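> Take a look and give me a structure for this.
(3 chains)
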Amino acid sequence: MSESTKLVPTEPQRLLVIDGHSMAFRAFYALPAENFATDTGQHTNAVHGFVSMLLTMIRQQKPTHVAVAFDLDTPTFRSLEYTEYKGGRNKTPEEFYGQIDLIQKVMEAMNIPTITMDGFEADDIIATLAAQGEAAGLDVLVVSGDRDAFQLITEKTLVLYPKKGISDIPPMDAAAVEAKYFVRPDQYSDLAALVGETADNLPGVPGVGPKTAAKWINLYGGLAGILENINQIKGKVGDSLREHVDNVSRNRHLNHLLRDLELPVGIDAMVLERPNREAIEELFDALQFNTLRKRLFDLFGDEPDDAPEAAEIAEHQDLADAAAIRTWFASHGAALVGLHAATVPAGGGADVIGLAFAASDANAYVSLERIDADTEAALAQVLAAPGYAKAVHDFKGTYKLLAARGLELAGVQDDTMITAYLIQPDRRSHELADIAQVHLKLSLEVDAPAGNGQLALDLEGPDTATPAVRAAHAVRELSLHLAPMLAERGGDKLLTEMEMPLSLVLAEMEMAGIAIDTAKLDELYDDFTKTIDAATAEAYAAIDGEEVNLSSPKQLQVVLFEKLDLPKTKKIKTGFTTDAESLADLLAKTGHPFLVALMAYRDATKLRQTVEGLRKAVAEDGRIHTTYAQTVAATGRLSSLNPNLQNIPVRSEEGRRIREVFIVGEGYETLLTADYSQIEMRIMAHLSKDEGLIQAYAEGEDLHRFVGSHVFGVAPQEVTNEMRSKVKAMSYGLAYGLSSFGLSKQLKISVDEARTLMKEYFARFGAVRDYLRAVVDKARIDGYTETIFGRRRYLPELASDNRQLRDIAERAALNAPIQGSAADIIKRAMLGVHEALREQGLKSRMLLQVHDELVLEVAAGEVETVEALVRKHMGSAADLLVPLDVQVGLGRSWQDAAH
DNA sequence: GCCGCGACGTA
DNA sequence: CGTACGTCGCGGCG
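I've put the predicted structure just below:
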């Protein structure tokens, strides 16, 4: 034991002990591996997360000593005594390989000792270090994701047990353990022994959870007392305990941490020193850790050689009055300013509470809480000033937040969310934190709600300004970083001329919402409920009155395939499918009345759910305000959420009744719907330049009838409905990469028949086949597909060795230019319509977009004008080889306005 | 409370 | 073994 640590009387010395493996694993699962890889393919997410966490710890806890303990692969006394110890664990993910070595290298470069002991686990090393640290008079902070560490807690030793999704957790002390587990830290191992530990493959006493275990411990003073009185414990749990007492003894033996190992490193070697600068530079170059490099050198008061001249991102000025705002913008607003709104949750939505600004050389924050009129006026002026160029992440959302406070936002020249989307439309998230991480390797803790699966590696205080300022700074950096990338991919016009202007249009549509006939909605709810009740009763009657949950596929499987012993349907993960198509098949085969009732139940519950969703979505103004997601669909389409107004039923009679509740609002004359007819087929005709298709559209023929006459070799008027519907299914299927197998299944014909049908089709419309082949071939070479307006979708999996992945990518490649071009076209039409309405000073407005359809609310006396301008702008949104046909309908409800 | 799954609505 | 979405209820896990 060493007693040579320097004594600094005023500041307590503190030893930080980290469980290396467990924290590396936490980091690994907190940060997506695909976002962290070097050019050589080495994944670095665990390394990045670990180092980031360590730097934060050092900054916040200011330890004087640091050490990291690691497990070895070699057997330990625990695995030797109990061969199943930690058995049954999943294999280490491939991406994790090598990252522990890298972490150890970083530690070496930071002059932080890493400690391993043959035959022992990191936990034992940590326990020993805690004991030695305490003996040397140090405070000890243990960072571990293993609950066994709780047994180490004393007055001098605390444990930080990071949990997912919680950003600012204080270290656990004795009181925290008692509050959570109702036992003292020194009793925690007793509790764990009774309960067992799944992760270590240590079963405890079945039926005994933490509550029961704690009760016993408090009653008998600990495990020893429990075992002495084992025969007095009553009930099932008592029996269970007696039966599994061997488990408990074994668990207690194994979870006891050794505190007296002979460590190869003394406490004085753990004194926190400055990192080895050269080694860090070299290592971080290889790992491509540029943000971390800066953070590390900042922390140790050192400047890296290539320190960016960027502002200190943590620092900002609070602008508290009008003069401060004007002055700040006058001196810093000339170049691009990053803008981020700090929000608090408010009644399902959010309220702005402040605005953060990041310029090239300074940051600022304006609080909106208790802001006075003068200050707000100055703020309104800079926000609305087109001359102050801004970059923001999620312009539409920010615009709406500000509009809700009466603030106008103008001069936004970049939305980094959309820019990132246009660069990588297939990403599932374009949230600021994710995008900043991928493109800047910057970990941000945004003021978004926690629980998005991110381990908070940056532990921030309750201050709202600082995270907002960091976000604003990140937005500015992202904008500078992404704009050239987008331009290089030829997407800058898409951003500035299509998506950004569209954001404004969508914001207005969302804010307008659509009026709802709530009385009719309630009526529908009751009607559907009656249908459900009747169908439920019928269903139960058909199965001897057994009351299963008809909404549970699992219970239905039991009824259908065990009780009724109906023929088996298609296999799925959980057994056999009970989907609508299979139920219809079963009904055709067996005629069982349960199936009739079940199908009626399914239909009615689905409709009632839709109605219930709509009911809950009606705002105080009696209207439903959907939100359009502009950066979700990889093809360029919009999507609609909260609620989704792009999947309101239309195909069934009952379903269409729901469309009757969407009505024209007060002060308006009528709803107008306008949709493109067969836009995707027309795009197919245009892109393939197929003479036959082009001719059909030029002559205004019924396309499917025309195609049918060629495929079946009969005159157009002799094409039967059956022929027409087959051809229709095939035409649409082609744009999705339909196979002859898929076509045969859909049309319930033989594969041979389907193959012949397709052969005939391509014999007549050969250019379509040539085009579809060419699209995939070109995409394989370029790595991406492109729409008519240059929207790209990157499909790296076209080159995959995995046949299944490659096939999926090929179908996506077939479809993306068609679906995406249609999306582009209607977006252009929306811009045209919006601009025309504004220019002509019309009161009418656009409310909804459903991929190929627009719904407008038309003011009195504007019907003819609006219809004309809608036809004009939709019809001319693209210059194709075939005309764009637009169908318009009018009516007081969405249903009535259909045609 | 979270999450995957099955099911199903739209274009 | 047809693309693109969002939402719901269930049930397993914690």
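
> quick one: buried residues of stretch A:698-709?
For stretch A:698-709, burial by neighbour count (16 or more other C-beta atoms under 10 Å) applies to A:703-709. For the C-beta atoms, the positions are set from N, CA and C on the backbone; glycine is no exception.

> I'd like the residues you listed as CSV, with secondary structure appended.
CSV is the format used below for these (DSSP: H, G, I helix; E, B strand; the rest coil):
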residue, secondary structure
A:703, helix
A:704, helix
A:705, helix
A:706, helix
A:707, helix
A:708, helix
A:709, helix
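
> Out of those residues, flag the one nearest to residue A:436.
Nearest to residue A:436 among the buried residues of stretch A:698-709, counting by C-beta to C-beta, is residue A:703 at 47.5 Å.

> wouldn't residue A:293 be in contact with residue A:277 here?
No - counting by C-beta atoms under 8 Å, residue A:293 does not reach residue A:277; the two are 10.3 Å apart.

> Those two: which has the busier surroundings?
Ranked by neighbour count (other C-beta atoms under 10 Å), residue A:293 and residue A:277 place residue A:293 first, with 22 against 15.

> chain center to stretch A:504-524, what's the gap?
Offset of stretch A:504-524 from its chain centre (C-alpha atoms, centre = their mean, to the nearest Å): 26 Å.

> and what of stretch A:350-358?
23 Å.

> coming back round to it: would you point out the most distant pair within the buried residues of stretch A:698-709?
The span of the buried residues of stretch A:698-709, defined through C-beta to C-beta, is set by A:703 and A:709 at 10.9 Å.

> Now the nearest residue to residue A:546 once chain neighbours are set aside: which helix or strand?
Of all residues not flanking residue A:546 in the chain, residue A:540 sits nearest, at 6.6 Å (C-beta to C-beta, 6 or more residues apart in numbering). Using DSSP states H and E, residue A:540 sits in helix A:518-542.

> So what touches that helix?
Identification of contacts with helix A:518-542 by C-beta atoms under 8 Å, 6 or more residues apart in numbering yields A:546-547, A:550, A:592-594, A:596-598, A:600-601, A:603-605, A:607-608, A:611-612, A:614-615, A:618, A:622, A:654, A:657-658, A:660-661.

> can you check stretch A:810-826 too?
Contacts of stretch A:810-826 (C-beta under 8 Å, 6+ apart): A:498, A:633-638, A:676, A:679-680, A:683-684, A:687, A:735-737, A:772, A:775-776, A:779-780, A:785-789, A:791, A:793, A:795, A:798, A:849, A:851-852, A:854, A:874, A:877-878, A:884.

> again with stretch A:472-489
A:310-311, A:313, A:336-340, A:356-360, A:363, A:391-393, A:414, A:416, A:419-420, A:422-423, A:432, A:435-436, A:439-440, A:442, A:444, A:492, A:495, A:792.

> same question, stretch A:860-867
A:668-670, A:672, A:674, A:837, A:840, A:842-844, A:856, A:858, A:888, A:890.

> Also stretch A:872-880?
Stretch A:872-880 has contacts (C-beta under 8 Å, 6+ apart) with A:674, A:676, A:682-683, A:685-686, A:788-789, A:821, A:824-826, A:828-829, A:832-833, A:836, A:854, A:883-886.
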